[in-house]
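**Q** got a predicted model here, sequence first, then my questions.
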Amino acid sequence: MTKNLIREGHPCDKHGNFLPDGTPPPPTTEPKSCDDWTPFRNHVEFETAEFLYIQNQMPANQADRLLNLWATTLLKHGESPPFADHQDLYATIDSIPLGEVKWQGFSCTYSDEKPDGSYPPWMDGSYDVWYRDPREVVRNMLANPAYSDEMDYRPYREYSTDGDERQFRDLMSADWAWEQADIIAGDPETLGSTFMPIILGSDKTTVSVVTGNNEYYPLYLSIGNVHNNVRRAHRDAVAIIGFLAMPKTTKEYAQDPRFRMTKPEVAKFGDGHFRRVIYGLGPYIADYEEQVLLACIVRRWCTRCCANRKDLDADLDALLRCCDHTEALVDAGTYAQLWLEFGIISDLVPFTNDFPRADIYRLIAPDLLHQIIKGAFKDHLVSWVEIYIMQTHGKRDGLRILDDIDHRIAAVASFAGLRRFPQGRGFKQWTGDDSKALMKVYLATIEGHVPQAIVRAFRAFLEFCYLVRRNTITESTLAEIQDALSRYHQHRTIFVESGAITTFSLPRQHSLVHYIYLIRQFGAPNGLCSSITESKHIKAVKEPWRRSSKYNALGQMLVTNQRLDKLAAARVDFANRGMLDSTCLAAELEALASNNNPNIEVHLLPSSVADEAPVPVDHGPTVLQAHTRLARTVQRNRARNVLALAEELNLPRFPDLIRHFLFEQTRRPDDDRDSVEIPLAGCPRFEGQISVFNSASSRFYAPSDISGIGGMRVEHIRACPLWRNEAPRNDCIFINIGSSTEGIRGLEVARVRAFFSFKYGGEIFPCAIVRWFDVIGDSPDEDTGMWMVHPAYGANRAPLHSIVHVETIYRAAHLIPIYGTRFFPPNVNLHTSYDAFRAYYVNKYVDHHAFKIAS
């Protein structure tokens, strides 16, 4: 890793004087004790407040009823519950001394001259604006100790250890932050300061339901120094700072000196050090409709380059927009010329124009959700396929083909985290999650019903999409992205040539050409995606709206957000002092035991038991080595010995397989014989008791997928006779065969028949009985880009089974049938698809980790 040689981000004292290298942070002026839960009386009070207000979001009347019932059970002991009623609960939360940035408001009205005759009604309206001081919000983020190891204090350039290859990850690893730091370092007054990019995001359309006014919308803020994984993991690194009515900025007000960001100030950071901070506007997260509003650009034009809207992709080297160029055009051209020839609305001025070092055309962030997932995939490609099929085959046959595609989609086998599609594509209202889920399975389901060029166009597009969504993007990845984009542009022409559509000159299609440039500027796009602000929108807008009385709801929502911030800040403070390392019950039991109470017997559950629930993310530390373990619950209603499980699985050779497995596990290190060639007489015998489990969990590093702050993901692998009271479920897996070859060439694909464990020679062996698949060919399918497999058979065409240790299981695999041109059998569904076909694709599109290992 190569760092910027200029001393940005150097620690200083509270007066701004730089400190010598290696100086430790100053001691805390008023250290708090590890049993000070202020304003709560104890651990139970804090956890109860969190449970009622954040996790359960219990209405006030229900909280009162619960606390009354709780008080009733305690009366005979002369004790009381943590809170008397909801008012006591709210008052305690409000008295938390941390995380408070008060909401402020003002009203604005249209003050210019109104036109004669009729005019829009909004000119007579009065609009409320609510906001929090963004400077205080940022300072709270900087001082958060939870971010101390997840924050960059200076821009840097990072190179891989193998090949010395540049790689882009977080915002501070890319070129834009580096360039900004160089500008700051050129001023002696700001030399040595920490550059603090302010990331903003807005979406005015969703708040109209709440306020009844379409001009109100939430404004979010983050800082560019925290790592992408923190911003994506929703660890309070994105904060709501306003509900705004946005009148366009005019030149009269653009010179306000309060907007200047040229003088550093001293701020305290989570690592305990003070640093001089220089703020600057950073990337702006917004969908296309918001982008044209921010950039003051005519719709259907690109907000980033000057390509003509009639054919946006005609000149892929079109001049990039910039503030200076736009101002020169405004000075030289007429209103009509600027509108028609450049897509510029010349009587509007972007709000960034007079902020130092800020250019809105450069600051608009890439938007994976709306540009790629909802836009280019769902609104464009999926719709174009339907148009093509209907136009090529006619209404009757076209509908029959679309029904078959829906049947194929609905019959895709279950997989951890994969949304089910009972009606195929038949969503009444598409969400971003629907589009993401359909991307994972759509390619294989249309093959056979559309020409090769369409299949290859989808393959190229999906590969582009999965590459740009990676957590770390190298120079080699950029080359792969360019190759995928070129192939996509080559193959998508079939939609125009067939007459399905007339043009590709669509802003969201065109946006793909800018992604390589934007990755170099801002790092991996997944750290600046609008899905981050949309997720925050649920917590900051939708849920507070539901909790309100619906009358004058906005004021109630502001109070709710303030209380959520206070509780979050309290949790960080308590955790930083080690006060949340154990549960309330465990802490109380330990306290009683330490007092030598003879009536208390301590039986603490292992911490891993808490991980048994299928949580979407794992906030544990990064561990590069994957680990798989059996579930903790033994299935008492299943087989209890070897012969019984052989009968349950209808697998007479199961006892023999255990003997071969034991030979593998107990052989001497110098014995290199193949266990298959060893006669049974030479293998250990075991026909005793076993324990059967319905699942196992694999924990592995997958930072590009939904994961915790350390990039870890937990995935449950099922092998049970009845799943959700519907049918058996037996997932497929990747098995590590010990090869040094990366990707699928170093893995085997199998299907789990059962998970079990047994004890032999004083050692417990956690195992899985699996049925093997063989890989077809030496390379992936050229059209879909996916490897193909078929069930493996042994002598007499018997399915090939083995017993493997669970430690060899890498993670779950997802297979999709190779459907071909035939219509889908009506009796096949998601429960039987793994048994109904001769060959399958290894679905590399099921998630980003699978894309990496199965490409």
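**A** Cool, the structure landed.

**Q** for the stretch 601-750 of the chain, give me the ranges with low pLDDT.
**A** The model of the stretch 601-750 of the chain has pLDDT under 70 over residues 601-625, 706-710, 740.

**Q** can you pull out the strands in it?
**A** Applying DSSP state E, counting those that start in this stretch to the stretch 601-750 of the chain gives strands spanning 627-630, 691-693, 695-701, 712-723, 727-730, 732-736, 747-760.

**Q** export those to TSV and tack on mean neighbour count and distance to S435?
**A** Heads up, the C-betas are built off the backbone N, CA and C, glycines and all. Formatted as TSV, the strands of the stretch 601-750 of the chain follow (neighbours: other Cβ atoms under 10 Å; distance: least, Cβ to Cβ, whole Å):
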stretch	mean neighbour count	distance to S435
strand 627-630	19	31
strand 691-693	21	35
strand 695-701	20	25
strand 712-723	20	21
strand 727-730	18	26
strand 732-736	22	25
strand 747-760	21	28
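
**Q** now do the phi/psi pair for G777.
**A** G777 adopts backbone torsions of phi 80, psi 180, taken as degrees, to the nearest 10.

**Q** pretty sure it contacts M786?
**A** No - contact between G777 and M786 fails when scored by Cβ atoms under 8 Å: they sit 11.4 Å apart.

**Q** so for these two, which residue has more residues nearby?
**A** M786 (23 against 9; other Cβ atoms under 10 Å).

**Q** so what's that one up against?
**A** L443, A444, P780, Y841, V842, N843, K844, Y845, A854 (Cβ atoms under 8 Å, 6 or more residues apart in numbering).

**Q** which ones among these are found in helices?
**A** Of the positions in the contacts of M786, L443, A444 sit in helices, assigned by DSSP state H.

**Q** which one among the contacts of M786 gets closest to I373?
**A** Y845 (12.6 Å; Cβ to Cβ).

**Q** what's the closest non-adjacent residue to I373?
**A** Distances taken as Cβ to Cβ, 6 or more residues apart in numbering place S435 nearest to I373, at 4.8 Å, with adjacent residues excluded.

**Q** got the phi/psi numbers for that neighbour?
**A** The phi/psi pair for S435 (degrees, to the nearest 10) is phi -60, psi -40.

**Q** got it, and Y131?
**A** phi -150, psi 160.

**Q** where's the residue lying closest to it once chain neighbours are set aside relative to K566, distance?
**A** Excluding the flanking residues, the one nearest Y131 by Cβ to Cβ, 6+ apart is G242, at 3.9 Å. Separation of G242 from K566 (Cβ to Cβ, to the nearest Å): 19 Å.

**Q** what sits against A437?
**A** A437 makes contact with L418, R419, F421 under the criterion Cβ under 8 Å, 6+ apart.

**Q** where along the stretch 551-700 of the chain do the helices fall?
**A** In the stretch 551-700 of the chain, the helices defined using DSSP state H, counting those that start in this stretch lie at 553-576, 584-594, 642-648, 654-666.

**Q** with adjacent residues omitted, what lies nearest to T48?
**A** P82 (4.5 Å).

**Q** picking up where we left off before, tell me which of the contacts of A437 is nearest to T808?
**A** Of these, the one sitting nearest to T808 (Cβ to Cβ) turns out to be L418, at 23.9 Å.

**Q** number of nearby residues for the closest one?
**A** If we define neighbours as other Cβ under 10 Å, then L418 has 16 of them.

**Q** can you check the one 4 residues further on too?
**A** The local packing of P422 (other Cβ under 10 Å) involves 10 other residues.

**Q** my guess is it contacts I409. True?
**A** No - contact criterion Cβ under 8 Å: P422 and I409 do not qualify, at 9.5 Å.

**Q** helix or strand next in line after the lowest-mean-pLDDT helix or strand in the chain, which one?
**A** One helix or strand of the chain scores below all others by mean pLDDT, DSSP states H and E: helix 208-211, with a mean of 44. Proceeding C-terminally, helix 208-211 gives way to strand 216-223 as the next helix or strand, assigned by DSSP states H and E.

**Q** contacting residues around that next one?
**A** 127-128, 131, 134, 137-138, 141-142, 196-208, 210, 231, 237-246, 285, 532-533, 536-537, 540-541.

**Q** how about a cut-off of 7 Å?
**A** Outside strand 216-223, the residues that touch it by Cβ atoms under 7 Å, 6 or more residues apart in numbering are 134, 137-138, 141, 196-204, 207, 231, 237-245, 533, 536-537, 540-541.

**Q** before we move on, back to that, in a helix, that's where the residue nearest to T48 is, yeah?
**A** No - assigned with DSSP: H, G, I helix; E, B strand; the rest coil, P82 falls outside any helix and is coil.
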